[in-house]
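In: quick one, structure for this:
(chains A and B)
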Amino acid sequence: MSLQDWLSRSEIHPGAPGMRALRVPCEQWQKVAEHVAGAGGRLICLWSSGRVNTAPLVHAAFLVEGAGLVLTLPLLDAEGTYPGIEHLFPAAARMQRAVTDLHGLRSTGADTRPWLRHASWPQNYRPLIDPGIPATAAEARIDSYDFVRVAGDGVHEIAVGPVHAGTIEPGHFRFSVVGEKVLRLEERLGYVHKGIEQRFQQLPILEAHRLAARVSGDSTVAYSWAYCQALEGLTHTEVPPRAAWLRALYLELERMANHLGDLGALGNDAGFAFGLAQFSRLKEQLLRVNQSVFGERYLMNVIVPGGTRQDLDQTGQLALRKCVWEILEEVRTLRTIYEEHEGVRDRFNGAGIVNAELAARLGLTGLAGRASARPFDLRCDLPCEPYVRLSVRKAGRNEGDVAARVALRFDELDESGRLIQHILAELPEGRHHTPVPVPSNAAVGAGLIEGWRGPVFVALQAGPGGTILRCHPHDSSWHNWPVLEHAILGNIVPDFPLINKSFNLSYSGHDL
Amino acid sequence: MLKTLRQIASLGIVSEPPPQPDETLRIRDTLQDRIREVLGRALCIRHVDAGSCNGCELEIHALNNPLYNLEGLGIRFVASPRHADLLLVTGPVSKHMEVALRRTYEATPDPKLVVALGDCGCTGGVFGESYASCGRIANVIPVDIVIPGCPPTPTRILQGILAAIVRGQRAGTSA
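Out: Residues are numbered from 1 along each chain as shown, chains lettered A, B, ... in the order given. This is a model prediction of the structure:
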């Protein structure tokens, strides 16, 4: 069997364009993954499903040969182990550990430490299957975690978090250092795990886009769109063209707002407070126009199943065009200031390098991937409506350092501005919303959207009577967090905030 | 360097006047006079994300942009709870952050204020209470001020913070 044979055996998977579905027995599971890896394919996500009295399933979604492939492995025995794929896709290791924490299913992966589960629920409680709250949860306890120790003359550890020194999400970083030089970084995440996937199973499927929009607040548009795309796929709903274009407008506005914020913060982390003041002012300008046009600064509730909550009138279009044009003018000036500033250049260049070979081996994705010679962007490579008509110019860099991730943001900011002007000029007439029927029991759908940070994936399965049987939202941060552990190696501890910021990964989107 | 200076000079000052404190956000009235006496209008804030979706964090960042001129009001964010007068807490409290939040609260010297930020901090929000979530902040530590919103705007946050420290119009004296 070759990859083409597997793909020809697969069926259409509703939702995002180009998605295929294939059910395989245990002995073929790893085989398909090997073929995908051999063809240079990417892992999108690995997750599990199944409730009480149903056979557990393990799923993996891949991007390969210009298509998406959702692979499903039915398990006959919940007590046994299923074959891990972390040797082919290193990012799968933590996802497999999370499957154990939430579903009780174990892989053959060597690392058996819990990942999302700290001490708040016992090992035998399976949050996605077992009802109620486990008895021990009321008693908050301190747990311990087996960090990998580095020994030797002069080696010491620096423990950081979960409460950090700035306005950042919680997580723990364990540095092993000699002097100022980092020998090893080990992350421990899961602190903001608040039971999002179990919560989905308690919500009506036609209303849960509100929860999807709050998986990672900074990517609210990407998540709510991906959720709605999955839902519209499994109900066979055709979204009106105007709604698709408006969604793309929101997504590019979200990309602009986040890139502006990051560029300011990166300047600040390089000791250039001027940058923070300037870029945060521009971001505020954009958020205020969002507020006046859409009634929301972050567009948290504007995407709804079947389309968008509201239409966009001429006045709103004009306000957006003017604001985006003004911001881009100023960004061009600020870009030359960043590029010519000795101190900023000195901090950005050569810091936190992820070279192309390492990026490919570890599966670096999204924005950070494009800065390390992995030119992949769903808006170009597997576009949904309206991106098939927008011919997005993909940004790309090869250096893989902080400077490359900064330059990429500048390039994408410019391109998003161009796209917004284009969308506003060509916005199709018609309705912005169409009703979505209650889905039939057990229907499945997938959503896949290129958020500002990287691909956002949502796997959705309907239950009886408009309920959710299973919903798994997936952030690209899952893939990039492990790479950050490598990016810092050989750098000095004081450069960590800068390097970390240049990735700007989501904790909430990862911890769920 | 010239370009940088030209940009600064041509832009001028963009800061806006602060909003009025909103007394309706206060839910607990303990030690207020003493706190006002001790702190005056110089306030150090320690932000704690106890399980948020990071939406509220975006607005806390926005609060630090030049338009709101927070430091001009004598308010600043500090890196340690030991330096803080006020804890600004976001999120539903995840079970995994419960201990860290309690410890942060204990590490903050008295007299101290706690502001619960956002719908989740005020009520548990869309996440509610579960095996992994303790729900609202007040379920874990005492809260003085609640600022609802998803996320609340920087102006709203500022109104809440000012209500915590400034004797507002209710008492008829100016800050």
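In: longest helix in chain B, by number of residues?
Out: helix B:154-165 (DSSP state H).
In: would you mind extracting the C-alpha trace of that one into CSV?
Out: The C-alpha coordinates for helix B:154-165 follow below in CSV (Å, rounded to 0.1, in the frame of the first residue of the first chain):
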residue,chain,number,x,y,z
PRO,B,154,-9.7,49.1,29.8
THR,B,155,-11.9,52.0,30.8
ARG,B,156,-14.1,49.7,32.8
ILE,B,157,-11.1,48.1,34.4
LEU,B,158,-9.8,51.5,35.4
GLN,B,159,-13.1,52.5,36.9
GLY,B,160,-13.0,49.4,39.0
ILE,B,161,-9.4,49.9,40.1
LEU,B,162,-10.1,53.6,40.9
ALA,B,163,-13.2,52.6,42.9
ALA,B,164,-10.9,50.4,45.0
ILE,B,165,-8.6,53.2,46.0
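In: now that helix, how far from the chain's geometric center?
Out: Here helix B:154-165 shows a centroid-to-chain-centroid distance of 7 Å under the convention Cα atoms, centre = their mean, to the nearest Å.
In: tell me which strands and helices that helix is in contact with?
Out: Using 3 or more Cβ pairs under 8 Å, 6 or more residues apart in numbering or on different chains; DSSP states H and E as the contact test, the elements touching helix B:154-165 are helix B:32-39, strand B:43-49, helix B:55-63, strand B:86-90, strand B:113-117, strand B:145-147. For glycine as for every other residue, the C-beta is placed from the backbone atoms N, C-alpha and C.
In: quick one: closest of those to chain A.
Out: Closest to chain A of the helices and strands packed on helix B:154-165 is helix B:55-63 (Cβ to the nearest Cβ; 2.7 Å).
In: poorly predicted segments of the chain, please.
Out: Answering for chain A, as no chain was given. A:136-142 (pLDDT under 70).
In: please refer instead to chain B.
Out: By pLDDT under 70, the weakly predicted segments of chain B are B:28-41, B:166-175.
In: contact partners for the spatially most central residue of it?
Out: Nearest to the mean C-alpha position of chain B, by Cα atoms, centre = their mean, lies residue B:88 at 3.9 Å. By Cβ atoms under 8 Å, 6 or more residues apart in numbering or on different chains, the contact list for residue B:88 reads B:45-48, B:60, B:115, B:117, B:161.
In: next structured bit after the helix or strand containing residue A:227?
Out: Remark: residue A:227 resides in helix A:220-234, with elements defined by DSSP states H and E. Reading on from helix A:220-234 to the C-terminus, the next helix or strand found by DSSP H and E is helix A:241-269.
In: could you report the neighbour count for the residue in chain A that chain B sits nearest to?
Out: The minimum distance from chain A to chain B, using Cβ to the nearest Cβ, falls at residue A:217 (2.7 Å). If you count neighbours by other Cβ atoms under 10 Å in any protein chain shown, residue A:217 ends up with 26.
In: pretty sure it contacts residue B:56?
Out: Yes. Using Cβ atoms under 8 Å, residue A:217 is in contact with residue B:56, at 7.3 Å.
In: identify the residues contacting the closest residue to residue A:419 other than its chain neighbours.
Out: Excluding the flanking residues, the one nearest residue A:419 by Cβ to Cβ, 6 or more residues apart in numbering or on different chains is residue A:252, at 5.0 Å. Contacts for residue A:252 (Cβ under 8 Å, 6+ apart) come out as A:416, A:419-420, A:423.
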